[in-house]
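Visitor: predicted structure and sequence below. I'll ask about it afterward.
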Amino acid sequence: MVEVRQRVLKQNDMLARDLRERFREAGTYVVSIVSSPGSGKTMFLERLLATLRGESRVAALVGDLATENDALRLQRSGAPVKQITTGSICHLDASMVSNALASWDVSQLDILFIENVGNLVCPSSYDLGEDLRVVLLSVTEGEDKPLKYPTIFNTADVAVITKMDLAEAVEFDRDAAHRNIQSVRPGMRVFEVSAKTGLGMRQWTDFLQSAH
Amino acid sequence: MHELSIAMNIVEIAEEERLRHHAARVRAIHLRLGPLSGVSKDALLFSYPFACEGTPLEGSRLAIHEERAGEALEIIALEVES
């Protein structure tokens, strides 16, 4: 028997640490966004890039299994955007982020957003070197998402409830959603937004600007 | 389902350790797994033989020791033949 004691994701963790150090030296605040598919990550980011562009130097990396659709959509904001296509891989890891940034001078950025692959399970294991991990939960998904996927809520720093403009139509139980988030991650800060109408986006961007 | 990537990481680390210890073969890998690791034991056990295929670890066994709490995902020991 040979004793080993090595974390399986050590290589990713080390690479993420290097990235975090690089971002810190460059003065770039990095925000990653995780959620299930279809909860509105891209719309949320589209709005964010458009709103923040006047105030800060922002850019985004977007992860998907296939297609450049999201990047093309986000590029309309005028901010630099790069698509990471993962093939069959269900998450981003630190090496994909590092490779995607190879040709970018991150010191020219104030905030870098990383939109992860739509998945509430796999991304939780991979540190991307981000400063803030945001988990999105849309009102159409059901209030018990945090209870079903506690790990991702546990690894996230902030939760954002999206599509609030649909809350009434889908009879979204706001109290239950907040209660469920707090039960899996006590004290978690929660924002409510509608990227479509702009509702709550100001509070969110103010928070971002004050956080970095 | 990122267990296949995790399994491939495990195989890679085990192979490095095997070479480092000049062992001829790895019989088993012992892994500590916490409930907050985000990794499913069953899916990992299912993926493991596929990750081993065509590597010197083919035929080895993955022994998973489940923890009650925490996010451990760590190789603790290898059973090797010299």
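Guide: Arrived safely, thanks for sending.
Visitor: for the helix or strand hosting A:Q6, packing partners?
Guide: Under DSSP states H and E, the secondary-structure element containing A:Q6 is strand A:2-7. Using 3 or more C-beta pairs under 8 Å, 6 or more residues apart in numbering or on different chains; DSSP states H and E as the contact criterion, the secondary-structure elements in contact with strand A:2-7 are helix B:3-20, strand B:73-81. Backbone N, C-alpha and C define where each C-beta goes, glycine included.
Visitor: recalculate using a threshold of 6 Å.
Guide: If contacts are counted by 3 or more C-beta pairs under 6 Å, 6 or more residues apart in numbering or on different chains; DSSP states H and E, strand A:2-7 sits against strand B:73-81.
Visitor: get me the contact residues on chain A for chain B.
Guide: Within chain A, the positions adjacent to chain B are A:1-8, A:90-91, A:122, A:124-125, A:151 by C-beta under 6 Å from any C-beta of the partner chain.
Visitor: just put those residues in TSV and tack on distance to A:M201 and pLDDT.
Guide: TSV is the format used below for these (distance: C-beta to C-beta, whole Å; pLDDT from 0 to 100):
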residue	distance to A:M201	pLDDT
A:M1	56	88
A:V2	54	89
A:E3	52	91
A:V4	48	90
A:R5	46	89
A:Q6	43	88
A:R7	38	91
A:V8	39	92
A:C90	29	88
A:H91	27	92
A:C122	28	88
A:S124	26	90
A:S125	30	89
A:T151	28	90
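Visitor: ok so, going back, next secondary structure element downstream of the strand holding A:Q6?
Guide: Trace forward from strand A:2-7 with DSSP H and E and the next one is helix A:10-26.
Visitor: got a list of what B:E66 touches?
Guide: The contact partners of B:E66, taken as C-beta atoms under 6 Å, 6 or more residues apart in numbering or on different chains, are B:L33.
Visitor: mind redoing it with 7 Å?
Guide: Contact partners of B:E66, counting by C-beta atoms under 7 Å, 6 or more residues apart in numbering or on different chains, are B:33, B:41.
Visitor: cool, A:L136 as well?
Guide: Contacts for A:L136 were tallied using C-beta under 7 Å, 6+ apart; they are A:33, A:35, A:39-41, A:44, A:160, A:162.
Visitor: elements contacting the helix or strand encompassing A:T151?
Guide: Under the assignment given by DSSP H and E, the secondary-structure element containing A:T151 is helix A:150-155. Here helix A:150-155 is seen to pack against strand A:132-138, helix A:174-184 when contacts are counted using 3 or more C-beta pairs under 7 Å, 6 or more residues apart in numbering or on different chains; DSSP states H and E.
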